[in-house]
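Q: fold the stuff below for me.
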Amino acid sequence: MMAFARLGLLAAVLTALMWSGAAAQNADYPSRPITLVVPLAPGGSNDILARLVGQKLERKFGKPVIIENRPGAGGITAALGVVRGAADGYTMITASSTMMALNVTIRKQMPYDPRKDLIPIAMTVRTPFVLVVNPALPVHSVADLVKLAREKGPLSFGTPGPATFHRLSAEILKNMFSLDFIHVPYKGTAPALNDVVGGHIAFMFADIPPALALIRAGKLRALGVTTAQRVAALNEVPPLTEVGMSGFDATSWHTIAMHAGVPRDIIEKLAAGIREGMADPAVIEVLAREGAIPVVSPPVDELRRFVDSEIVRWGKVIEQAGLAGSE
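A: Next comes the predicted model:
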């Protein structure tokens with residue numbers, strides 16, 4: 001018995017030494033540059049957001065934050081690079097609601113599980129959409145759009161891809177009024193918007209930044225935004241929930257996520273730095289101009305529960321639309 005007791009004591013001491021060594025090592029974090037992966041090509045709103053976050057973390061910790069764009073496969077390529085990499089806290093990723101929530105239900109097979117392999121450490125922004133139509137159509141409201149769809153047969157709508165909030169928003173509209181639409185997927189928002197402007201498709205739920213100039217130039221007509229409140233960049237456009245789509249509230253959201261195995265003290269240190277940066281009035285102003293809604297993130301555990309609830313919430317919409325396992 002004494003031998004077992006000595007072995008137990010030795011194990012406890014070794015464990016304590018290991019934890020204290022790790023804590024000491026993490027106390028110096030970060031000691032080298034951090035990489036922030038963006039799963040999209042340079043130049044978009046996600047890229048702007050990443051650079052703002054990177055600048056704030058550089059100033060706070062005194063180490064460079066390298067922005068690395070890895071587009072492909074709806075974020076899966078970039079996410080795989082993170083989850084298969086080292087869990088040392090030196091790689092982060094801008095992870096959208098598509099990557100963290102929608103893909104779980106839409107994709108037939110996922111090479112990683114966002115619920116187990118990634119941990120969202122901070123939410124940064126919510127991104128609303130705007131319902132736009134070709135201005136040549138006799139459509140000035142949701143009621144007009146519904147009427148036209150019923151009188152003229154299925155209307156076509158565009159999206160930057162099938163596994164997106166843009167698609168799900170159109171599916172909600174379709175189910176709400178028992179309509180038939182023709183979905184036309186594109187390889188991005190810009191080409192879809194160009195075809196709305198050109199009259200090749202009737203409407204789309206668009207990201208606000210690329211649609212803004214076209215709306216102001218009269219090349220697109222905005223019917224409503226997808227948030228329950230007005231959006232600063234399009235303050236003259238009402239929420240859809242006030243103009244015929246009662247209860248409709250849909251936004252994508254963006255987090256900074258990491259390998260789930262990163263030590264908790266590093267996660268908390270970075271999360272605090274990001275929350276502090278996102279509360280900066282200058283950051284809020286820049287993102288608001290882009291049509292985003294800046295968010296000061298909840299604590300890590302609360303954010304994780306939110307992501308889990310979004311998987312359930314949008315999973316039901318995806319299944320109702322018949323899109324589960326469609327990708």
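
Q: which residues does the most centrally placed residue in the chain contact?
A: Residue closest to the average C-alpha location in the chain (C-alpha atoms, centre = their mean): residue 96, at 2.5 Å. The neighbours of residue 96, taking C-beta atoms under 8 Å, 6 or more residues apart in numbering as the test, are 39, 46, 75, 252-255. For glycine as for every other residue, the C-beta is placed from the backbone atoms N, C-alpha and C.

Q: just grab the bridge partners of it for me.
A: In this structure, residue 96 bridges to residue 254 when assessed by DSSP bridges.

Q: separation between it and residue 171?
A: 18 Å (C-beta to C-beta, to the nearest Å).

Q: neighbours of the residue nearest to residue 208 when sequence neighbours are not counted, just the number please.
A: On the basis of C-beta to C-beta, 6 or more residues apart in numbering, the spatially nearest residue to residue 208 that is not a chain neighbour turns out to be residue 291, at 3.0 Å. Using other C-beta atoms under 10 Å, the number of residues around residue 291 comes to 24.

Q: repeat for residue 140
A: There are 12 residues near residue 140, going by other C-beta under 10 Å.

Q: just the element for it, please.
A: Using DSSP states H and E, residue 140 sits in no helix or strand.

Q: just the pLDDT for it.
A: For residue 140, the model assigns a pLDDT of 96.

Q: any low-confidence regions in this protein?
A: Flagging of the chain using pLDDT under 70 yields the residue ranges 1-25.

Q: strands of the protein, start to end?
A: All strands of the chain, identified by DSSP state E, fall at 34-38, 65-69, 91-96, 118-127, 129-133, 155-159, 181-185, 203-207, 221-225, 252-259, 293-294.

Q: among the ones you listed, which is nearest residue 306?
A: When these are ranked by proximity to residue 306, the top entry is strand 118-127, at 7.7 Å, counting by C-beta to C-beta.

Q: that closest one to strand 91-96, inter-axis angle?
A: Compare the direction of strand 118-127 with that of strand 91-96 by axes from the mean of the first three to the mean of the last three C-alpha atoms, to 10 degrees and you get 50 degrees.
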